[in-house]
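Engineer: Need coordinates for the below:
(chains A, B and C)
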Amino acid sequence: MPTESQSPYLPFGENKNASWYGKDILSVKQFNRADLEYIFGVAHEMRGMVERIGTFDLLKGKILANLFYEPSTRTSSSFTAAMERLGGSVIPINEVKYSSVTKGESLTDTVRTLECYADVIVLRHPETGSAAIAAKAAKKPVINAGDGIGEHPTQALLDTFTIMEELGRLDNLTVTMLGDLKYGRTVHSLARLLSLFKVKLNYVSPDILRMPKEVMDEVAAKGIPQAEYSTLEKVLPETDVLYVTRVQKERFEDPAEYEKVKGAYVIDPEIMKAAKQEMIVMHPLPRVTEISMDFDDDPRAAYFRQMEYGLYVRMALLAMVLGKA
Amino acid sequence: MPTESQSPYLPFGENKNASWYGKDILSVKQFNRADLEYIFGVAHEMRGMVERIGTFDLLKGKILANLFYEPSTRTSSSFTAAMERLGGSVIPINEVKYSSVTKGESLTDTVRTLECYADVIVLRHPETGSAAIAAKAAKKPVINAGDGIGEHPTQALLDTFTIMEELGRLDNLTVTMLGDLKYGRTVHSLARLLSLFKVKLNYVSPDILRMPKEVMDEVAAKGIPQAEYSTLEKVLPETDVLYVTRVQKERFEDPAEYEKVKGAYVIDPEIMKAAKQEMIVMHPLPRVTEISMDFDDDPRAAYFRQMEYGLYVRMALLAMVLGKA
Amino acid sequence: MPTESQSPYLPFGENKNASWYGKDILSVKQFNRADLEYIFGVAHEMRGMVERIGTFDLLKGKILANLFYEPSTRTSSSFTAAMERLGGSVIPINEVKYSSVTKGESLTDTVRTLECYADVIVLRHPETGSAAIAAKAAKKPVINAGDGIGEHPTQALLDTFTIMEELGRLDNLTVTMLGDLKYGRTVHSLARLLSLFKVKLNYVSPDILRMPKEVMDEVAAKGIPQAEYSTLEKVLPETDVLYVTRVQKERFEDPAEYEKVKGAYVIDPEIMKAAKQEMIVMHPLPRVTEISMDFDDDPRAAYFRQMEYGLYVRMALLAMVLGKA
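Structural biologist: Here you go, the predicted model:
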């Protein structure tokens, strides 16, 4: 660990919001800047511990119910690994469509049943608002692992933590979001979280896939400068963080329209010549063709490291809500 | 733990049937009253341990093969949690329909394979008698987690243990079973187990869903008083345990008939005004509308605590058959 | 353990190929005779440890991503048990068809994601060559648990280890393979591995299911005597190892042809009267009717013990590639 004066993180003792024991993690809206600094401080310590010793017994004896109503290999595996690296155990519940849910059991009854067995519940559900319903029913902490087009707060936290770890700061950065900015909950949550810091946000998308007005209004209310573009050219040279998302053909009524624009949203080594050396390219994964595999070995390609930071953030959150951070 | 004279349980040393090491748990018919007292004594200790320290290493190094040929989130999660709270590990086998079973492997070969890897096998299977077949094939202990319309002994044990823990006794109780008493294996097994104690049993059901004669004959042979009703009114005031099950529309040939009776089998706060304060309402879950969610906060609503008692009973059984109780 | 002079295994210190840390296990072709002797030495120690103490903490804190793109209960359970008996943890990923793979994520991206969470990856995939692709993408070790009609090296290793443990040697043996020798990758890999030792190989199959010429050529190049037969009669008395596989009806264009030959490839107690007392019958399982269940209690029936040897071999491989053997 760096000494205190070098550390980009607040010393632990100074945080006024440190009491996370028993809390739910439902939405990015519940966090202020001090919260993020605290979470990232714990996540950074988790990173150090994993790099030094791999696994440790901070949550030995604790049990996570990993309740996935829709499949998500990455998120599910990440929470499982986070719990196991902290010495805890997991009840994997992946095939909910076959389960008592299909017999008509309500989400609240399922959650109240699972909290009889487990110490914390991670919930992935296709319907917006499910996590809040589950949290209200449960006495034990619930972590939202994505509920429909609603929230996926741990994704937004890991995205922000990635920027912090890779670039050492969250202030004074130009973040460019590229691709489908209309339907991607990832970029909405990220824009909201980043608006707690001094950033400049660029949005590059096809006209029909622009960042929704409601998100832009929220961000503007925090005094964050935003600008919209249809191509990357102008903003790439100033970009510190390029956050890429996929433009799906199905979003276009006219396939010809898709064919016309798709090339503008693909990242490859040639295009990246115009970018700084000190910047990062991120992607929530899975990617298809929007980032060329030829770019994977470039040091600026941060998307697999991003997965790893997700592990540390989830370890931090589990430890915090179980009162062990 | 209460002192011996206060304890509702037999002191451990006095049980003549304590040698459960390596035994199979297949049917409620295998238990006598002393067995139940022993099991519940161990389960009560498990409850105390979980409440005090959450998890402990009684079965550290032991492996459970959790073999589910049909889905049951609650039962599967409960056994997983039971093993993990005892420090053991689990091999989850949930997607058996995709597995070698579909290539034609027989249940006996599957079980003989799994016992090469695991120390104990929990089996859920859609066909009656499967658990006995598996137990015959395996050298290691097999626990029946439900085989078709046959047995689900751990459910019956947890139901009985719930009554014991909640009311402090199993003798001198009036137990009223409500709803579909014809098709529910839960109430059949519970009636059989309770007939080992001094209880009075009331059966309240639509005429077409009455308790089967064979169960009533077995219970009568033990000298247990039984009475049948079509509405709850008369027996609710004397009831110590109200065991609710769902009346399914599909059981009725004439939908009008269902509509006429369904209201008589729904529990809500208004109806429960006629019941004692010192009594409990149970349900095997999942419920649909047969118990109003408005009743959930009533202290007599024991159905979620029932889930928790299931954890302790399964911990007890695992420890016992692995020689650690 | 036997003293050194009695041990059929090389003393550990003498192996020149002992550095397995971080290595991938992809193909039987990567092993020489010294490698096998080393692996079997470690597996034999694992057997002793499991028999003595069941489970031990050699891989405590290590995490296995058990990535199955197609179901295989036995192989998946075996790797899970192997990791758990060594004190490690498992991320089970069984329902890949629902996962991000279906959203178009490539195998390489999946593997690069999972190695952010886990220390070793076991991969089962329907396409030949997948394991090599995964191993190229991953920095962490990949173990091939079967890729299409390609390789299934841990099966071949456990088959060979079974012979070693049961008969005490791999030289000077007559091994007879029976059944479908054309399509079974098991017998192809086993023939290749055994050609590192001084064996005689007999192939008994219907004419249309003969051992492929390419495998026979490879084996012949090592100077191993081979002979083909259409019935077992002549070779059974001299056989030390009878390796049985299933003859599937669907392989025959003319069902009458299948009916004519099928009886020649079924093992039962009567037929086995012609075999030695000191020999073993093996089968990769699942079996259907090709070995009568009446034979299961014969001491020569080694097919369930074979499953158990698989556990020890997989424990050995996991420990080796994680640098702990």
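Engineer: A:Thr73 against C:Thr110, yeah?
Structural biologist: Yes - between A:Thr73 and C:Thr110 there is a contact under Cβ atoms under 8 Å: 7.2 Å. Bear in mind the C-beta positions are built from the backbone N, C-alpha and C, glycine included.
Engineer: what's the domain layout of chain A?
Structural biologist: According to automatic domain parsing, chain A comprises the domains A:12-151+A:308-321, A:154-307.
Engineer: can you redo these as a markdown table with mean pLDDT?
Structural biologist: As requested, the domains of chain A are exported to a markdown table (pLDDT from 0 to 100):
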| stretch | mean pLDDT |
| --- | --- |
| domain A:12-151+A:308-321 | 90 |
| domain A:154-307 | 95 |
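Engineer: Quickly compare those domains and say which is most buried.
Structural biologist: Comparing the domains of chain A by mean neighbour count (mean count of other Cβ atoms under 10 Å in any protein chain shown), domain A:12-151+A:308-321 ranks first with a mean of 21.
Engineer: Turn the domains of chain A into a markdown table, columns for distance to chain C.
Structural biologist: Formatted as a markdown table, these follow (distance: least, Cβ to the nearest Cβ, whole Å):
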| stretch | distance to chain C |
| --- | --- |
| domain A:12-151+A:308-321 | 3 |
| domain A:154-307 | 3 |
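Engineer: Kindly reformat the ones you listed as JSON lines and extend each row with distance to B:Thr174.
Structural biologist: Below are the domains of chain A laid out as JSON lines (distance: least, Cβ to Cβ, whole Å):
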{"stretch": "domain A:12-151+A:308-321", "distance to B:Thr174": "27"}
{"stretch": "domain A:154-307", "distance to B:Thr174": "50"}
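Engineer: and of the ones you listed, who's closest to chain B?
Structural biologist: Of all the domains of chain A, domain A:12-151+A:308-321 sits nearest to chain B, with 3.2 Å by Cβ to the nearest Cβ.
Engineer: And that closest one, how far out from the chain middle?
Structural biologist: Taking the mean of its C-alpha atoms, domain A:12-151+A:308-321 sits 13 Å from the chain's own mean (Cα atoms, centre = their mean, to the nearest Å).
Engineer: Taking the centroid of chain A, which residue is nearest it?
Structural biologist: Compute the mean C-alpha point of chain A, and by Cα atoms, centre = their mean the closest residue is A:Gln155, 1.4 Å away.
Engineer: So that one: helix, strand or coil?
Structural biologist: helix (DSSP: H, G, I helix; E, B strand; the rest coil).
Engineer: Can you give me the distance of it to A:Gly310?
Structural biologist: 8 Å (Cβ to Cβ, to the nearest Å).
Engineer: And A:Leu209, by the same measure?
Structural biologist: 25 Å.
Engineer: ditto for A:His283
Structural biologist: From A:His283 to A:Gly310 the distance is 12 Å (Cβ to Cβ).
Engineer: And for A:Met83?
Structural biologist: Note on A:Met83: its distance to A:Gly310, by Cβ to Cβ, is 13 Å.
Engineer: quick one, longest helix in chain A?
Structural biologist: Scanning chain A for the longest helix, with DSSP state H as the assignment, gives helix A:33-53.
Engineer: Tell me which helix or strand comes right after that one.
Structural biologist: Sequence-wise, the next helix or strand downstream of helix A:33-53 (DSSP states H and E) is strand A:63-68.
Engineer: Give the partner strands of that following strand in its sheet and their orientations.
Structural biologist: strand A:89-93 (parallel), strand A:120-125 (parallel) (DSSP bridges).
Engineer: what residues does it touch?
Structural biologist: For strand A:63-68, the surrounding residues in contact (Cβ atoms under 8 Å, 6 or more residues apart in numbering or on different chains) are A:75-76, A:79-80, A:83, A:88-94, A:96, A:110-111, A:114-115, A:117-124, A:145, A:318, B:55, B:77, B:81, B:84-85.
Engineer: What strand or helix carries the closest residue to A:Phe252 other than its chain neighbours?
Structural biologist: Nearest non-adjacent residue to A:Phe252, counting by Cβ to Cβ, 6 or more residues apart in numbering or on different chains: A:Tyr258, 4.1 Å away. Using DSSP H and E, A:Tyr258 falls within helix A:255-261.
Engineer: Please state the offset of that helix from the chain centre?
Structural biologist: From the chain centre to the centre of helix A:255-261 is a distance of 30 Å (Cα atoms, centre = their mean).
Engineer: Quick check: which helices or strands does the helix or strand following that helix pack against?
Structural biologist: Moving toward the C-terminus from helix A:255-261, the next helix or strand (DSSP H and E) is strand A:280-282. Strand A:280-282 sits against helix A:153-167, strand A:241-244, helix A:303-321, with contacts defined as 3 or more Cβ pairs under 8 Å, 6 or more residues apart in numbering or on different chains; DSSP states H and E.
Engineer: any chance of the ones you listed in a markdown table, with distance to B:Tyr183 too?
Structural biologist: Below are the helices and strands packed on strand A:280-282 laid out as a markdown table (distance: least, Cβ to Cβ, whole Å):
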| stretch | distance to B:Tyr183 |
| --- | --- |
| helix A:153-167 | 43 |
| strand A:241-244 | 55 |
| helix A:303-321 | 42 |
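Engineer: Redo the ones you listed as CSV? Include distance to chain B.
Structural biologist: Listed next are those as CSV, based on distance: least, Cβ to the nearest Cβ, whole Å:
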stretch, distance to chain B
helix A:153-167, 22
strand A:241-244, 34
helix A:303-321, 15
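Engineer: Tell me which of these lies nearest to C:Met216.
Structural biologist: helix A:303-321 (44.3 Å; Cβ to Cβ).
Engineer: could you dump that closest one to CSV, C-alpha only?
Structural biologist: Taking C-alpha atoms only, helix A:303-321 is exported to CSV below (Å, rounded to 0.1, in the frame of the first residue of the first chain):
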residue,chain,number,x,y,z
TYR,A,303,-11.6,-4.6,-20.8
PHE,A,304,-10.2,-7.8,-19.3
ARG,A,305,-8.6,-6.0,-16.4
GLN,A,306,-12.0,-4.4,-15.9
MET,A,307,-13.4,-7.9,-15.2
GLU,A,308,-10.7,-8.4,-12.6
TYR,A,309,-11.6,-5.0,-10.9
GLY,A,310,-15.2,-6.3,-10.8
LEU,A,311,-14.0,-9.1,-8.6
TYR,A,312,-12.4,-6.7,-6.1
VAL,A,313,-15.5,-4.4,-6.1
ARG,A,314,-17.8,-7.4,-5.4
MET,A,315,-15.5,-8.7,-2.7
ALA,A,316,-15.6,-5.2,-1.1
LEU,A,317,-19.4,-5.0,-1.2
LEU,A,318,-19.8,-8.5,0.3
ALA,A,319,-17.4,-7.8,3.1
MET,A,320,-19.0,-4.4,3.8
VAL,A,321,-22.6,-5.5,4.0
